[in-house]
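A.B. asks: Build the 3D model from these lines:
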Amino acid sequence: MFPMSTAGDYSPLAAELSKVSGLKVKMAEPLARYTSMKVGGSADYYAEAENDAALAELLRILNRHQESFWPLGNGSNVLISDGGVRGVIIRLAGEFKKIRWDEADTAKVTAGAAVSMGKLVRDAARRGYAGLEFAEGIPGSVGGALYMNAGAYGSELEQVVDQVELMTSRGEPVCLTRAEMSFSYRDCHLPSGAVVMRVRMGLRKEEPAQVSVRVRDLARKRKASQPSGSPNSGSMFRNPPGDYAGRLIDAAGLKGTRVGACQISERHGNFIVNHGGAKAIEVRQLMELAQREVHKQFGIELVPEVKLLGDWES
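C.D. replies: Presented below is the predicted three-dimensional model:
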């Protein structure tokens, strides 16, 4: 078990969680370190599950206590408030970081929800598994990519998803086939409270060199057009139908606009970068500025792609 934040400061919930094998728990855990933007306050509880049994027991306990919880992957598509998160942040580790490759002709791969998308893409290329090249450079985890139906360059994750293993909010395992799921732009419409454990994907077998060339080409394209070197959350807004959020923000004259230590990227208008020590409220102020100006100038409502999480009222 991880040490509690204050010696002897055990709530009934923390005391119960501390007894679960394969579960690591912290109280008042700072969350900025777990997000790609590197901002945000603390979680009341932080729970890291190493395997299916630990996750199931965690969810059963939270259900009994009627405690709110939020899964957190690599933190690349979320903005956590400076006030932190009431309830429990759940992260997956251990067994959920494993990849199972089907070496037969079916070209299937099963990836744990905590696997980095970048690692999965590169491993697939080395083995000659095609179909995930578009995801090169997407900074999230497999679970997060599924939640968001992550996509780029005209492709989305839904095109390769074959089956998903979930744990319901009551701690019950469920397996959904692709036919039982409903995908849309930046959403996969999972059952409320479900936690993704693994995703099975159907890919194509090709020569490894050919797949690797496409991965490298898309990596160069992404590097040339997107900011690097400063923490960010990826695309801040969804692309409106028939247009691009970045183009609209640029056309509104907002590239380079700064609030405190964060800035609308000078390279890509749909990115906000943290130059060091930024606050979540500063990021949100830039988001609201972009929404106001784009609506004022072009009559288009920009819809956030990042999920706002935590206590924003304070």
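
A.B. asks: Please make it C-alpha for all contacts and neighbour counts, starting now.
C.D. replies: OK.

A.B. asks: end to end, how far does stretch 272-290 reach?
C.D. replies: Criterion CA to CA, to the nearest Å; first-to-last residue distance in stretch 272-290 is 11 Å.

A.B. asks: starting at the chain centroid, how far to it?
C.D. replies: In terms of CA atoms, centre = their mean, to the nearest Å, the centre of stretch 272-290 is set 18 Å apart from its chain centre.

A.B. asks: Could you do stretch 254-273 as well?
C.D. replies: A distance of 21 Å separates the centroid of the chain from that of stretch 254-273, by CA atoms, centre = their mean.

A.B. asks: So His100 is in contact with Ala111, correct?
C.D. replies: Careful, residue 100 is Arg and not His. Yes - shown here, Arg100 and Ala111 form a contact pair, counting by CA atoms under 8 Å, at 6.4 Å.

A.B. asks: Tell me which of those two has more neighbours.
C.D. replies: For Arg100 versus Ala111, neighbours defined as other CA atoms under 10 Å are more numerous around Ala111 (25 against 11).

A.B. asks: Could you verify that the more buried one is part of a strand?
C.D. replies: Yes - under DSSP: H, G, I helix; E, B strand; the rest coil, Ala111 sits within a strand.

A.B. asks: Show me what counts as buried in stretch 30-43.
C.D. replies: Taking 16 or more other CA atoms under 10 Å as the basis for neighbour counts, the residues of stretch 30-43 that come out buried are 30-32, 34-43.

A.B. asks: Contacts for that stretch next, please.
C.D. replies: With contact meaning CA atoms under 8 Å, 6 or more residues apart in numbering, stretch 30-43 is reached by 27-29, 74-76, 78-89, 231-233, 273-274, 277-280.

A.B. asks: are any of the residues you listed buried, and which?
C.D. replies: Here, 16+ other CA under 10 Å leaves 27-29, 74-76, 78-89, 231-233, 273-274, 278-280 buried among those.

A.B. asks: Which of the residues you listed fall within helices?
C.D. replies: Ala280 (DSSP state H).

A.B. asks: Retrieve the pLDDT associated with Gly154.
C.D. replies: At Gly154, the model reports a pLDDT of 90.

A.B. asks: Distance of it relative to Phe134?
C.D. replies: From Gly154 over to Phe134 the distance is 8 Å, taken as CA to CA.

A.B. asks: Mind checking which of the two has more residues around it?
C.D. replies: Set Gly154 next to Phe134 and count neighbours by other CA under 10 Å: Phe134 wins out with 21 against 6.

A.B. asks: Could you double-check that that one sits in contact with Leu218?
C.D. replies: Yes - between Phe134 and Leu218 there is a contact at 7.1 Å, judged by CA under 8 Å.

A.B. asks: Glu67: neighbouring residues, count only.
C.D. replies: By the measure other CA under 10 Å, the count of residues near Glu67 is 13.

A.B. asks: try Asp243
C.D. replies: Counted by other CA under 10 Å, the residues lying close to Asp243 total 10.

A.B. asks: now the strands for the stretch 101-250 of the chain?
C.D. replies: For the stretch 101-250 of the chain, strands defined by DSSP state E, counting those that start in this stretch occupy the ranges 108-112, 129-130, 151-152, 155-156, 161-167, 173-177, 195-202, 204-205.
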